[in-house]
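Colleague: Sequence plus predicted model, see below.
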Amino acid sequence: MKISTFLTFVGDNCGKATEAINFYTSIFPNSEVKRIVNYAEGEPGGTPDLIKFGVFTLNGTEYQVSESNYKHNWSFTPGVSLFISSESEDQIEILFEKLSSEGGQVMVPLDNYAGDGDYGFGEKFGWCEDKYGVSWQFVLINR
């Protein structure tokens, strides 16, 4: 059995999956686009410029992606986020800044919890949403 994250770009984010994949693979080490399949002309759910199915990796972890131009009553939600833990403070600060800037938003500032330096699972924590609506959590692992 294999379990992986599947990101579906709909609504205002439909048409932005290629841009998002290129952005994500450019800022995370050990990342690549593995496969992109676009819709065929006239195929339900999309147009030839949209991703029907794609696979990419971020730091070696595989993600799947699709776009749909159907009207959906849902999109990305902060209730589900990608969780990044690292022993490198510089690394999480750089990634947090890149993902939360240029149309993204900070939901929990990347900082030490209440000044005591421990969330129970790490020294520093932050939560943001990128410009595509995908939520990211960051934790500096106790060293």
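Modeller: Noted; the coordinates are in hand.
Colleague: host element of residue 18?
Modeller: helix 17-27 (DSSP states H and E).
Colleague: Using CSV, write out every CA atom in the next helix or strand along the chain from that helix.
Modeller: As assigned by DSSP H and E, the chain's next helix or strand after helix 17-27 is strand 32-38. The C-alpha coordinates for strand 32-38 follow below in CSV (Å, rounded to 0.1, in the frame of the first residue of the first chain):
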residue,chain,number,x,y,z
GLU,A,32,11.5,17.3,-9.4
VAL,A,33,8.5,17.1,-11.8
LYS,A,34,8.1,13.4,-12.6
ARG,A,35,5.1,13.3,-14.8
ILE,A,36,2.5,15.7,-16.3
VAL,A,37,-0.5,14.6,-18.4
ASN,A,38,-2.8,17.3,-19.8
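Colleague: to the chain's geometric centre, what's the distance from strand 32-38?
Modeller: Mean C-alpha position of strand 32-38 versus that of the full chain (Cα atoms, centre = their mean, to the nearest Å) differs by 16 Å.
Colleague: Buried by neighbour count: which residues of it qualify?
Modeller: By 16 or more other Cβ atoms under 10 Å, the buried positions in strand 32-38 come out as residue 38. For glycine as for every other residue, the C-beta is placed from the backbone atoms N, C-alpha and C.
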